[in-house]
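Undergrad: A predicted structure for the sequence below; I have some questions about it.
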Amino acid sequence: MFQVLPHLAADPILGLSAAFKQDTNPNKIDLGVGVYKDEQGNTPIVSAVAKAARQLIETETSKTYITPQGVQGFIDHMLNLILGASSPALIANRVAAVQAPGGCGALRILSELLTRVDKELTVWVSDPTWANHIPLIGNAGLAIKTYPYYDAKTASITFDEMIDSLKSIPKGDVVLFHGCCHNPTGGDLTQSQWRDVLEVTEQQGFLPFFDIAYQGFGDGINEDAYAVRLFAERLPEIIIAASCSKNFGLYRERVGLAAIITESSALKDIAQSQIQNVARGIYSMPPSYGGALVNMVLSDAALKQEWIDEVDAMRNRMRSLRNMLVTSLNEKGASKDFSFVNEQKGMFSYLCISPEQVRQMRANHSVYFVDSSRVNIAGINHNNVEALAEALISVL
C-alpha cells in the first residue's frame, strides 16, 4: 500500500539540524533551530519553571484526564498575560480558549475552526513569514496569499506596500499578524504603525489572526502585547495563537493557547463548544503537565516575578549579542552595513544575504542557518562571534 507514497525532502530547519550534528568540525556554529541558548550553548530550564516542577511532583495526586479545554488556571493566566487583566473582552466574558499542544497546535486548531466558518476563505500571511505557517494553515484546507512585509535589499519593513496591500483584502478574509518579534525577520512595527494597521483592519473588515510566540523577547512582557491588546479593545473579533515554548522554555512540553474573541458572551459559548470539538477530533484530551507548570508560575507572586526577571535577562542578553555581532563585523571591516541587526527584535535576525552566500558559510565555515538568512541570535556567544563575523565577511 505505501509504495505509492513519494519520499519527501527533510524540513528545511530540521534537516539543517541533522546536518549540523553530522558535521565533524569542532568549531561548527548552529544558528538554525529557534531555541534559546546560554553562553555555553545549552538551552537551560527556566528556574521558576524548575521550582514549579518540583512543587507539582510533590502535590499532584492523580494522572486522570483533565478538562477538555485544558488547565483552566493556565488559560485564565495566559489570557491575562496576553490581553491584560483589565481587558474589556475578558470582563465581558467574550473570550473562548483552549490549551493547545504548543503554538503549532494552537495555529492548527484555529485554522480547522476557520474551515467550519468558510472553507473558501483566504488567510493572508506576511512575506516572508515563518515557514511552518504555510503547512499548519494550508493543510487545514485554507487558501494562503501573502502581503508585503520586509525587503531584504534594504533590510527594512515595507510598511507603505503592506498598508496598500491590506487595503485590498476583502471582508471575510483572515490576516495573520506576528504579535511581536517577527519570525523570520526580527522586524517589528512601531506602535504608531500598528494603529495605522488597525485603522485599515476596521475599514476593510477582515479578521485579524495574531500569532504571539515570543512575548517578552522584544521590548518586555507587557510591551510585546501592545498590538494584540490594541486590536482586542477596538474590534469585536480576533483570534490568537500563543506559545509558551520560548518565554517559559517549555519547548518539549508543547504548551500553547488558542483563543477567540467574539462579539458577545453568547457567541463565546458557541465558539468554546466548537473549538473544543475541533480539539476532540484531533487529539481528544489535552496534556496537563506544561499547562500546570505555567499555571503554578503565574499563580505564585514570587515565582512570577522570578520568571519575569529571567525573561528580562534572556531578552537583554540577546540584545547584547546583536550588538556584539555588529561591533565585530565593523571592527573587521565588513563591506556591508549590518547596523540593522541592532534594530531587529527577538530571537531571530535576517542577515539579508543570498541563499548562495548562506550555503557558502555552511560549506566553508560550518556555520549553519537557513537559506533565507534567518539566524538564531541566541546561538551566538563570546567564543564564536569572531569566527561568525569572519565567515560572514568572507562571503560578502
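TA: Nice, thanks for sending it over.

Undergrad: in stretch 144-155, which residues are buried?
TA: Ile144, Tyr147, Pro148, Tyr149, Tyr150, Ala155 (16 or more other C-beta atoms under 10 Å). Using the backbone N, CA and C atoms, a C-beta is placed for each residue, glycine as well.

Undergrad: find the nearest non-adjacent residue to the fourth one, please.
TA: Same thing as Tyr149. When the adjacent residues along the chain are set aside, Tyr149 lies closest to Ser126, with 3.7 Å between them (C-beta to C-beta, 6 or more residues apart in numbering).

Undergrad: so which helix or strand takes in Gln357?
TA: Element membership for Gln357, per DSSP states H and E: helix 355-365.

Undergrad: over to the residue nearest to Tyr149: give its phi and psi.
TA: Dihedral angles of Ser126 (phi, psi; degrees, to the nearest 10) stand at phi -70, psi 150.

Undergrad: Val375 now?
TA: Main-chain torsions, Val375, degrees, to the nearest 10: phi -120, psi 150.

Undergrad: repeat for the one 3 residues further on
TA: Dihedral pair for Ala378: phi -70, psi -10, per degrees, to the nearest 10.

Undergrad: do Asp127 as well
TA: Dihedral angles for Asp127 - degrees, to the nearest 10 - are phi -110, psi 100.

Undergrad: again with the one 5 residues further on
TA: The phi/psi pair for Asn132 (degrees, to the nearest 10) reads phi -80, psi -10.

Undergrad: and this protein, what are its domains?
TA: Listed domain ranges for the chain are 10-44+315-395, 50-299 (source: automatic domain parsing).

Undergrad: hang on, the earlier thing: list the contacts of the residue nearest to Tyr149.
TA: For Ser126, the residues meeting the contact criterion (C-beta atoms under 8 Å, 6 or more residues apart in numbering) are Thr146, Tyr147, Tyr149, Tyr150, Met162, Leu176, Phe177, His178, His182.

Undergrad: gap between it and Asn376?
TA: Computed as C-beta to C-beta, to the nearest Å, the Ser126 to Asn376 distance reads 19 Å.

Undergrad: ok, Phe338 next?
TA: If you measure Phe338 against Asn376 using C-beta to C-beta, the figure is 16 Å.

Undergrad: burial measure for Val125, as a count.
TA: Here the count is done by other C-beta atoms under 10 Å, and Val125 has 23 residues near it.

Undergrad: show me what contacts it?
TA: For Val125, the set of contacting residues under the criterion of C-beta under 8 Å, 6+ apart consists of His133, Ile134, Ile137, Ile144, Lys145, Thr146, Tyr147, Leu176.

Undergrad: and it, its phi and psi?
TA: Torsion angles, degrees, to the nearest 10, at Val125: phi -120, psi 160.

Undergrad: alpha carbons only: can I get the helix or strand of the chain with the lowest mean pLDDT in CSV?
TA: For the chain, scoring each helix and strand by mean pLDDT, DSSP states H and E identifies helix 12-22 as the least confident one, at a mean of 83. These are the backbone C-alpha positions of helix 12-22, laid out as CSV (Å, rounded to 0.1, in the frame of the first residue of the first chain):
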residue,chain,number,x,y,z
PRO,A,12,14.5,22.9,5.9
ILE,A,13,15.1,23.7,9.6
LEU,A,14,15.0,20.1,11.0
GLY,A,15,17.2,18.9,8.1
LEU,A,16,19.7,21.6,8.9
SER,A,17,19.8,20.5,12.5
ALA,A,18,20.6,16.9,11.3
ALA,A,19,23.4,18.2,9.0
PHE,A,20,24.9,20.2,11.9
LYS,A,21,25.0,17.1,14.1
GLN,A,22,26.9,15.1,11.4
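
Undergrad: which residue is nearest the middle of this structure?
TA: For the chain, the residue lying nearest the average C-alpha position, counting by C-alpha atoms, centre = their mean, turns out to be Ala213 (2.9 Å).

Undergrad: wait, doesn't it sit right on Phe248?
TA: No - in terms of C-beta atoms under 8 Å, Ala213 does not count as a neighbour of Phe248; the distance is 11.4 Å.

Undergrad: before we move on, the earlier item: list the contacts of the least confident helix or strand of the chain.
TA: Under the criterion C-beta under 8 Å, 6+ apart, residues 9-10, 28, 30, 32-34, 131, 362, 368-371 lie in contact with helix 12-22.

Undergrad: which residue ranges of the stretch 101-250 of the chain form helices?
TA: Read by DSSP state H, counting those that start in this stretch, the stretch 101-250 of the chain holds these helices, from start to end of the chain: 102-117, 133-138, 159-166, 191-204, 226-234.

Undergrad: out of those helices, flag the one nearest Asn383.
TA: For the helices of the stretch 101-250 of the chain, proximity to Asn383 was assessed by C-beta to C-beta; helix 102-117 is nearest, at 30.8 Å.

Undergrad: number of residues surrounding Asp196?
TA: For Asp196, the number of neighbouring residues by other C-beta under 10 Å comes to 15.

Undergrad: I'm done for today, thanks for sticking with me.
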